[in-house]
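Visitor: Predicted structure and sequence below. I'll ask about it afterward.
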Amino acid sequence: MRVTNARLGWAALVLTMFVGPAVYAADDDAAYRAKRSASDWGTSIVSKYYDFGKNIDVTVADAAYSKADAELWAKVTIRWKGPFSGDDYWAVGEVTQNANGVTWKETSRSDSLNGYIFSKALAKGLLQELDKDRFQPLSDASFDAIERDGAALRERDWALPPLVAGKWAEVTRRDGRKVVAERLAYEFKQLDQEMPRIGKMRVAKLPCYEDGYVCEVQTQSGRKAGTCALLMADQKVSLLNGVGPAFMKFNESVKLRLRDETEASEYLRLFCAGLGAADGTFQLVERADELHWTVSAPSSEQRSVAERVKAVSATRLRDGSWRVTGNMMYGKTLFSVHMTILPDGQVNMTDDRSLLEDLHVSTSRFIQGMRVPD
């Protein structure tokens, strides 16, 4: 275990040289207290909140001590190795230590850690919420066959951009890929369909759900290449298939977070991206470069879109609903829209107006559990 103090180390060294080590024992010396406790903090936090870790390093960036409350606070960065070769994780957060013990409030984390936590939670969910008569764990031999079948697909580029913007991390470890494959096999059995060939996997954290993630899987069924998306929070999972009830059923059993404008707009972005209709999927648009322009798209058309789109605006109402205005892409038409997000996650369109039609953009649609390019 290595412990470093990024901000306060020089001051501590100078005091040691001129006053002596005894200065560190002073009750108000928060830097010393935090540095002395950092080793234990790192081990207990990684064990409790992230399940597993080794070679743990802790850096103390700031610290404060309250004599009155006998409470020590520190901002730290924890870095550690995961259970498999090549796993390197980090998390930044705030530690509070008092008579009640140690608490941890994470403020940021590495993208690779998202993939690890998603896989662990998904594995636990497989054992808790599924119809045991329809769920069959994959043997190592069966999973090896799935991996061989998807080897050529993994060498290709993704057929579609990510479902929503965010920090996506690829799921590469065998245990993570295996549990995603098991869940997809279960979901397609529920649809009475054969599971498509699977390739690469990517995962992103969702701010609009407590412990929420979305995982996209590169897929191919026959000649159709696309993606499948698994929505997960609190070990509950839903396969996004382009229909609203999938969201509503999911929201009934998890903690949807609509506490501020960011969470409300991010939820609406996800909700729209997971819906499909006759002309394809829906996309909340704030900038022209968010659209997937074809190579033949004239620059004048892109400028026209740039002149019309604006940032999403969300206003919270007294009943906890959100009134949202913005721009929506549906098919090849750009709309100005007014929508309401109810506290339970239901979304109502209250007004829409067509702005530009027949745009040179690439679109997608949901077909039998897959999102595929038009």
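Guide: On my side now, so go ahead. Residues are numbered from 1 along each chain as shown.
Visitor: The stretch 201-350 of the chain: helices as residue ranges?
Guide: For the stretch 201-350 of the chain, the helices defined by DSSP state H, counting those that start in this stretch cover 244-251, 261-273, 299-308.
Visitor: can you list the ones you listed in a markdown table and add distance to residue 354 and mean neighbour count?
Guide: C-beta here means a position set from N, CA and C on the backbone, and glycine is covered the same way. Formatted as a markdown table, those follow (distance: least, CB to CB, whole Å; neighbours: other CB atoms under 10 Å):
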| stretch | distance to residue 354 | mean neighbour count |
| --- | --- | --- |
| helix 244-251 | 22 | 16 |
| helix 261-273 | 17 | 21 |
| helix 299-308 | 11 | 14 |
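Visitor: weakest of those in terms of mean pLDDT?
Guide: Among the helices of the stretch 201-350 of the chain, helix 244-251 has the lowest mean pLDDT, at a mean of 85.
Visitor: Which other helices and strands does that one contact?
Guide: Helices and strands touching helix 244-251, as assessed by 3 or more CB pairs under 8 Å, 6 or more residues apart in numbering; DSSP states H and E, comprise strand 224-233, strand 236-239.
Visitor: let's see 7 Å
Guide: Counting contacts by 3 or more CB pairs under 7 Å, 6 or more residues apart in numbering; DSSP states H and E, helix 244-251 is packed against strand 236-239.
Visitor: picking that back up, out of the helices of the stretch 201-350 of the chain, which comes closest to residue 112?
Guide: Smallest distance to residue 112 across these (CB to CB): 21.6 Å, for helix 261-273.
Visitor: relative to strand 224-233, how tilted is that closest one?
Guide: Comparing the axes of helix 261-273 and strand 224-233 via axes from the mean of the first three to the mean of the last three CA atoms, to 10 degrees yields an angle of 140 degrees.
Visitor: Show me the contact partners of helix 261-273.
Guide: Residues from elsewhere that reach helix 261-273 (CB atoms under 7 Å, 6 or more residues apart in numbering): 163-164, 206-208, 247, 257-258, 281-284, 312, 314, 322, 324, 328, 339, 341, 345, 347.
Visitor: Off-centre distance for it?
Guide: 13 Å (CA atoms, centre = their mean, to the nearest Å).
Visitor: got it, and stretch 273-281?
Guide: 22 Å.
Visitor: Stretch 144-161 too?
Guide: Counting by CA atoms, centre = their mean, stretch 144-161 comes out at 22 Å from the chain centroid.
Visitor: Counting by contacts, list what the host helix or strand of residue 79 packs against.
Guide: Following DSSP states H and E, one finds residue 79 within strand 71-81. Secondary structure elements in contact with strand 71-81, counted by 3+ CB pairs under 7 Å, 6+ apart, are helix 30-50, strand 54-66, strand 88-98.
Visitor: got CSV for these, with distance to residue 358, mean neighbour count and mean pLDDT too?
Guide: Below are the helices and strands packed on strand 71-81 laid out as CSV (distance: least, CB to CB, whole Å; neighbours: other CB atoms under 10 Å; pLDDT from 0 to 100):
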stretch, distance to residue 358, mean neighbour count, mean pLDDT
helix 30-50, 50, 19, 87
strand 54-66, 53, 18, 88
strand 88-98, 47, 17, 91
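Visitor: I'd like those as a markdown table, with distance to residue 231 appended.
Guide: Formatted as a markdown table, the helices and strands packed on strand 71-81 follow (distance: least, CB to CB, whole Å):
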| stretch | distance to residue 231 |
| --- | --- |
| helix 30-50 | 22 |
| strand 54-66 | 32 |
| strand 88-98 | 23 |
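Visitor: circling back: now for the helices of the stretch 201-350 of the chain, which one comes closest to residue 107?
Guide: Among the helices of the stretch 201-350 of the chain, helix 261-273 sits nearest to residue 107 (CB to CB), with 14.8 Å.
Visitor: Quick one: work out the angle between that closest one and helix 244-251.
Guide: Using the same axes, to 10 degrees: helix 261-273 against helix 244-251 is 140 degrees.
Visitor: Now residue 188: which helix or strand?
Guide: helix 174-190.
Visitor: buried set for that helix?
Guide: 176-188 (16 or more other CB atoms under 10 Å).
Visitor: Could you do stretch 222-238 as well?
Guide: Those would be 225-233, 235-238, for stretch 222-238 by 16+ other CB under 10 Å.
Visitor: Kindly report the same for stretch 192-202.
Guide: Within stretch 192-202, the residues that qualify as buried are 195, 196, 197, 198, 199, 200, 201, 202, counting by 16+ other CB under 10 Å.
Visitor: Next: stretch 250-261.
Guide: Of the residues in stretch 250-261, 250, 251, 254, 256, 257, 258 count as buried by neighbour count, 16+ other CB under 10 Å.
Visitor: and these as a markdown table, adding distance to residue 365?
Guide: Below are the buried residues of stretch 250-261 laid out as a markdown table (distance: CB to CB, whole Å):
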| residue | distance to residue 365 |
| --- | --- |
| 250 | 21 |
| 251 | 23 |
| 254 | 26 |
| 256 | 26 |
| 257 | 29 |
| 258 | 28 |
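Visitor: Could you point out which of the residues you listed is nearest to residue 306?
Guide: The closest of these, once distances to residue 306 are taken by CB to CB, is residue 258, at 29.3 Å.
Visitor: tell me the pLDDT at that closest one?
Guide: 95.
Visitor: Residue 184 is in contact with residue 217, isn't it?
Guide: Yes. Assessed by CB atoms under 7 Å, residue 184 is found in contact with residue 217 at 6.4 Å.
Visitor: Mutual contacts of the two, please.
Guide: Residues touching both residue 184 and residue 217 by CB under 7 Å, 6+ apart: 198, 228.
Visitor: who are the neighbours in contact with the nearest residue to residue 65 once chain neighbours are set aside?
Guide: Of all residues not flanking residue 65 in the chain, residue 30 sits nearest, at 3.8 Å (CB to CB, 6 or more residues apart in numbering). By CB under 7 Å, 6+ apart, the contact set of residue 30 is 63, 64, 65, 72.
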